[in-house]
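Trainee: here's a sequence, model it:
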Amino acid sequence: MKTIQNHVLMSFYKWQLTVKSFHFSTQYNVRHKAVDKYLKSFMEDYDKFMEVCMGHHGQIVLDTDFNIRIEQVNDDNIFEHIDNFNQILDHIRDQYENELDLLNIIDEMEANLNRLVYLLELK
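Mentor: Next comes the predicted model:
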């Protein structure tokens, strides 16, 4: 389970960096504000998920170096990145299918992501 926890931690961290990169690169003020709001909720959910997960499986130990590659993210491809993160959430859901408290947090993450999609589509 430790390997899965480390994967989740790195996946969430990469998503945070990807969204923050988009936050600074978007050409639209409404998107800038929507992403700012989303990041606040994501960070709360990220922290809560990891703490609850450690409550179930113990402290995470990052005992190796890691590299995170952030692909270019902009107004033209943000929805592709969102779709990719949705797939990651689906994979995480499968890994923790018997831990309802973690699944509830994933539900909140998905709801906030769906809200972000709606807000990004506004002009």
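Trainee: host element of the residue nearest to L62 when sequence neighbours are not counted?
Mentor: Of all residues not flanking L62 in the chain, N6 sits nearest, at 6.7 Å (Cβ to Cβ, 6 or more residues apart in numbering). Backbone N, C-alpha and C define where each C-beta goes, glycine included. Using DSSP states H and E, N6 falls within helix 2-25.
Trainee: and the contacts of that helix?
Mentor: 31-32, 35-36, 38-39, 42-43, 46, 49-50, 53-54, 57-58, 60-62, 66, 68, 70-71, 73-75, 78, 81, 85, 88, 92, 95 (Cβ atoms under 8 Å, 6 or more residues apart in numbering).
Trainee: after the lengthiest helix in the chain, next one along is what?
Mentor: In the chain, assigned by DSSP state H, the helix with the most residues is helix 29-57. Counting by DSSP H and E, the next helix or strand C-terminal to helix 29-57 is helix 78-95.
Trainee: and the gap between K20 and T26?
Mentor: 11 Å (Cβ to Cβ, to the nearest Å).
Trainee: who's more crowded, those two?
Mentor: T26 (19 against 15; other Cβ atoms under 10 Å).
Trainee: that one contacts K33, correct?
Mentor: No: between T26 and K33 there is no contact, the gap being 9.7 Å when judged by Cβ atoms under 8 Å.
Trainee: helices and strands around the helix or strand hosting E108, which ones?
Mentor: Assigned by DSSP H and E, E108 belongs to helix 100-121. Judged by 3 or more Cβ pairs under 8 Å, 6 or more residues apart in numbering; DSSP states H and E, the packing partners of helix 100-121 are helix 29-57, helix 78-95.
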